[in-house]
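# here you go, sequence then predicted model.
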Amino acid sequence: MKNILIVASKEIQEGLRNRWVLATTLLLMALALTLTFLGSAPTGHVGASPLDVVIVSLSSLTIFLVPLIALLIAHDAIVGEMERGTMLLLLSYPVGRWQVIMGKFIGHLAILAFATSLGYGAAAAALAMTGAAIDAASWTAFASMILSSVLLGAVFVAIGYLVSSLVRERGTAGGIAIGVWLLCVLIYDMALLGLLVVDQGRTIGGGFLNALLLANPTDTYRLLNLGSESVGALSGMTSIAANSGLSPSALVTALLAWTLVPLAGATMVFSRREL
């Protein structure tokens, strides 16, 4: 455990030195504050809690931005150090390769968790300072959104490690990372929508549709945060969440599986890779 924490602290220090922590935090905070004060305008017309409107806005932002940030942080975690020769130096110490993966993962996840919590938390604090009436259910949904956003970031950090352990060049890893982001965030949903329109309910049943939704971590995140009773009316996903029959625990389990499987794959590939 000590070796893992040493590697994790090394990644955090590099993130501070490379301004990753500062840049990510400021970006998420700026966008969150903008969405908070511009996006809360419709609450007077729909009678929704202002924080629920913020949850919908920030969840949509998270789907696009957090996976991209996670992949940019993680895509060269293995292959980049191998190209620079620092991985050989690191492994010359009494540290296992799986400890390197886990240490990097904890360090990068800590950076994402700090940036997400501070950035989104600043938006909620600013909204509360305006004197808006916010009930306990909305605060619970907001806290759940932050935790699940960190979990979504963990998914794509793990995917980035798997990509980084499989390729031989940083440029290739970067290209694949962008391709993964486009597939999960844009292409998959467009293809799924087209498939549903063409099928018109003839062959795709509820169980198969659930499997298709769980096959994409961003869709799982979307169902988890935009399908609740208080937020679903604003996001338009109440009926989809109700018909899916997927409980929040099942959706969280799916995100955990999306994290653990690529992380285990990256560990296995890296353990067999020649330096």
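Good, I have the coordinates. Numbering: from 1, shown residues only.
# low pLDDT regions in this protein?
39-49, 201, 227-245 (pLDDT under 70).
# can you list the buried residues in the longest helix along it?
The residue-count maximum for a helix in the chain (DSSP state H) belongs to helix 97-129. By neighbour count on 16 or more other CB atoms under 10 Å, the buried set for helix 97-129 is 97-124, 127. The way it works is simple: take the backbone N, C-alpha and C, and place the C-beta from them, glycine included.
# stretch 143-154 too?
Within stretch 143-154, judged by 16+ other CB under 10 Å, the buried ones are Ser144, Met145, Ile146, Ser148, Ser149, Val150, Leu151, Leu152, Gly153, Ala154.
# now, those residues that are in helices?
Ser144, Met145, Ile146, Ser148, Ser149, Val150, Leu151, Leu152, Gly153, Ala154.
# how many other residues sit next to the nearest residue to the fifth one once chain neighbours are set aside?
Of all residues beyond its chain neighbours, the one nearest Ser149 is Thr62 (4.6 Å), with distances taken as CB to CB, 6 or more residues apart in numbering. When counting by other CB atoms under 10 Å, one arrives at 26 neighbours for Thr62.
# what about Thr62, which helix or strand?
Thr62 belongs to helix 50-74 when assigned by DSSP states H and E.
# packing partners of that helix?
Other elements packing on helix 50-74 under the criterion 3 or more CB pairs under 8 Å, 6 or more residues apart in numbering; DSSP states H and E are helix 20-39, helix 97-129, helix 136-166, helix 170-182, helix 217-226, helix 229-235.
# buried set for that helix?
50-63, 65-74.
# so the residue of the chain most remote from its centre, which of the three states?
Most distant from the centre of the chain: Arg202, at 33.3 Å, with distances by CA atoms, centre = their mean. Three-state assignment for Arg202 (DSSP: H, G, I helix; E, B strand; the rest coil): coil.
# the chain should start at 845 in everything you say after this.
Taking 845 as the first residue, the last one we looked at is Arg1046.
# adding distance to Glu925 as columns, could you present the helices and strands packed on helix 894-918 in a markdown table?
Below are the helices and strands packed on helix 894-918 laid out as a markdown table (distance: least, CB to CB, whole Å):
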| stretch | distance to Glu925 |
| --- | --- |
| helix 864-883 | 15 |
| helix 941-973 | 9 |
| helix 980-1010 | 9 |
| helix 1014-1026 | 10 |
| helix 1061-1070 | 26 |
| helix 1073-1079 | 41 |
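# who wins for proximity to Gly929 among the ones you listed?
For Gly929, the closest of the helices and strands packed on helix 894-918 is helix 1014-1026, at 13.2 Å, according to CB to CB.
# what angle do helix 894-918 and whichever helix or strand comes after the closest one make with each other?
Moving toward the C-terminus from helix 1014-1026, the next helix or strand (DSSP H and E) is helix 1032-1043. Helix 1032-1043 runs at 110 degrees relative to helix 894-918, counting by axes from the mean of the first three to the mean of the last three CA atoms, to 10 degrees.
# residues touching helix 1032-1043, excluding its own?
Helix 1032-1043 has contacts (CB atoms under 8 Å, 6 or more residues apart in numbering) with Ile1048, Leu1053, Leu1056, Asn1060, Thr1062, Asp1063.
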